[in-house]
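*Asks:* give me the fold of what follows.
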Amino acid sequence: MHLFGILVKFEQILSVTVDEVGVITEEERKTLLRAAREAIVCGLKGKEVPNDKGIPSTLTELRGAFVTLHEEGKLRGCIGYIEPVKPLITAVREVAAKSALEDPRFPPLTEKELDHVQIEISVLSLPERVSDIETIEIGKHGLIVELAGHRGLLLPQVALENGWDRAAFLQNIVLKAGLPPDAWKHPAAILYKFSAEVFGEDPSANREAPR
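*Replies:* Next up, the predicted model:
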């Protein structure tokens, strides 16, 4: 089941803190953005993505990542891996193509739209369980909620884009999971937070994970 593009079941938290997001250089960002667009083009044309040569080792590390597509300022697709299950550049390519063609909220992207779509990439830290909601920082943390078989995720930039405070962020993460707005207070609700390094073809999207 896809809930805000979650492709893997989140089951275990590894011994890494939420703020451990490695900084990606400007050149590496450009490489990932090129790879994402190339994957979308190949997906639209039914072609295989060519193998990489000379990719920096940092881009072959296992990392969680989301690719978000915007068209004329509106969401056009968003899918990703929460956990670090694949090399970063591989994960970016896969979710870029899926964001364009398989997000169930939108029709598949067409070749005519390619020139109007902007790509944004979010490279994630490992999620960390929230024991105190006061530790959730707007603009720094994204959220994941799990309750009664429902699961939802919102990236850190979503709260900023919508002008939410912490209370609104909590309400909207459970709404995203198809739950009532106060469901995050339920004793069985599990919240996780994570940080992300966000960058895109639109320079205004570029934002390092706060430390």
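*Asks:* tell me the mean pLDDT for stretch 125-133?
*Replies:* Regarding stretch 125-133, the rounded mean pLDDT is 95.
*Asks:* pull the distance from that stretch to the chain's centre.
*Replies:* When C-alpha coordinates are averaged (C-alpha atoms, centre = their mean, to the nearest Å), stretch 125-133 and its chain have centres 16 Å apart.
*Asks:* dump that stretch to PDB, restricted to CA.
*Replies:* In PDB, the C-alpha atoms belonging to stretch 125-133 read as follows (Å, rounded to 0.1, in the frame of the first residue of the first chain):
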ATOM      1  CA  SER A 125      18.400  10.300   7.900                       C
ATOM      2  CA  LEU A 126      17.200   7.200   9.600                       C
ATOM      3  CA  PRO A 127      13.900   7.700  11.500                       C
ATOM      4  CA  GLU A 128      14.000   7.900  15.300                       C
ATOM      5  CA  ARG A 129      11.100   7.200  17.600                       C
ATOM      6  CA  VAL A 130       9.500  10.300  19.100                       C
ATOM      7  CA  SER A 131       9.200  10.100  22.900                       C
ATOM      8  CA  ASP A 132       8.500  13.800  23.500                       C
ATOM      9  CA  ILE A 133       6.700  15.900  20.900                       C
END
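*Asks:* what residues sit buried inside that stretch?
*Replies:* 125-128, 130 (16 or more other C-beta atoms under 10 Å). No exception for glycine: its C-beta is placed from N, CA and C like everyone else's.
*Asks:* just those: which are in strands?
*Replies:* Using DSSP state E, Glu128 are the members of these that sit in strands.
*Asks:* out of the buried residues of stretch 125-133, which one sits closest to Ile40?
*Replies:* Nearest to Ile40, judged by C-beta to C-beta, of these is Ser125 at 25.4 Å.
*Asks:* quick check: bridge partners of the residue most central in space within the chain?
*Replies:* For the chain, the residue nearest the mean C-alpha position is Phe66 (2.9 Å; C-alpha atoms, centre = their mean). In this entry, Phe66 is beta-bridged to Gly80, Ser122, by DSSP bridges.
*Asks:* just to revisit the earlier point, ok, the buried residues of stretch 125-133 vs Asp115, which is closest?
*Replies:* The closest of those to Asp115 turns out to be Ser125 (C-beta to C-beta; 33.0 Å).
*Asks:* the closest one reaches Lys193, doesn't it?
*Replies:* No. Under the criterion of C-beta atoms under 8 Å, Ser125 is not in contact with Lys193, lying 9.2 Å apart.
*Asks:* isn't Glu83 up against Ala65?
*Replies:* No. At 10.4 Å, Glu83 does not count as touching Ala65 under the criterion of C-beta under 8 Å.
*Asks:* could you give me the buried positions within stretch 147-159?
*Replies:* Burial within stretch 147-159, assessed by neighbour count using 16+ other C-beta under 10 Å, is assigned to 147, 150-159.
*Asks:* model confidence score at Lys47, please.
*Replies:* Lys47 is assigned a pLDDT of 89 by the prediction.
*Asks:* assign it to helix, strand or coil.
*Replies:* Taking DSSP: H, G, I helix; E, B strand; the rest coil as the rule, one finds Lys47 in the coil state.
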